[in-house]
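S.K.: Build the 3D model from these lines:
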Amino acid sequence: MSADLSLPGSRLPRAISLEELRERPARPGQASFFFHDNHFQHNAVKVLPGEYYVTDENLLLVTVLGSCIAACLWDSRMGVGGMNHFMLPVGDSTDLSGRYGSYAMELLINEMMKRGARREYIQAKIFGGAQVIHGFTNMNVGERNTQFVRDYLRTERIPVVSEDVLDIFPRKVVFFGTSGKAMVKRLAHTHREELAAQEARGNAASVVRATRGGSVDIFGQRRG
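M.R.: Numbering: from 1, shown residues only. This next block holds a predicted model:
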């Protein structure tokens, strides 16, 4: 599957080697696990829980989600994109950690603006918030995380152009930070009976919802 990293009517993103990436000092909370993604044939950075990454270079941002949320922000004018990965909506006010959405979202937006992005041009795509543990119905973390990020972005007046949230599927998300393209792969989960029911209803292939022209592609979709 091809990966379109071009910027519409703008400059091309700068290519960067793994050696350059690994030699850079990482800020607190900034993702720093760089690798070459064989599927997309591009260098990539893995965004782990509590981390974020912002780039205007030719680099993929990759994460795997269960009940956590990844917000992918993009300024098309500057070709700057970023991803975070938070675990809970809010935490102790003294804990300034990317594990909590309240801090993770502020950190991501601030880093985007340091790279030249402007709030009025930023768009968002959001992913995750699944109920991945079968029978775990009390205090659904995925639902709380999803509601939090929707409310936060609405307050900040940042439009959500695409989303793939809730449901029961863990997800792998690949975000092309300079083009704003996002791709999702649904992973195996523990809800076998629910999956069978969804497939019977034809819902398994339509879990991605897009609004206002945003795009999210499904890649490497499993059968059965």
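S.K.: Spatially central residue for this protein, please.
M.R.: Centre of the chain computed as the mean C-alpha position; nearest residue by Cα atoms, centre = their mean is Ala70, 3.7 Å away.
S.K.: Which secondary structure element is home to it?
M.R.: strand 69-75 (DSSP states H and E).
S.K.: one step back: in the sheet, who's paired with the residue nearest to the centre of the chain?
M.R.: Here Ala70 sits in beta bridges with Phe127, as judged by DSSP bridges.
S.K.: didn't it look like it was pressed against Ala130?
M.R.: No: the pair Ala70 and Ala130 does not pass the contact test of Cβ atoms under 8 Å, sitting 11.8 Å apart. Where you see a C-beta, it was placed from the backbone N, CA and C, and this is true even at glycine.
S.K.: What is the strand holding Ala70 packed up against?
M.R.: Applying 3 or more Cβ pairs under 8 Å, 6 or more residues apart in numbering; DSSP states H and E, one finds that strand 69-75 makes contact with strand 80-84, helix 101-114, strand 122-128, helix 141-155, strand 171-176.
S.K.: Mind doing that once more with 6 Å?
M.R.: Using 3 or more Cβ pairs under 6 Å, 6 or more residues apart in numbering; DSSP states H and E as the contact criterion, the neighbours of strand 69-75 among helices and strands are strand 80-84, strand 122-128, helix 141-155.
S.K.: mind checking which of those is nearest Ala104?
M.R.: The stretch from those with the least distance to Ala104 (Cβ to Cβ) is strand 80-84; that distance is 4.5 Å.
S.K.: If anything else comes up later, I'll come back, but that's it for now.
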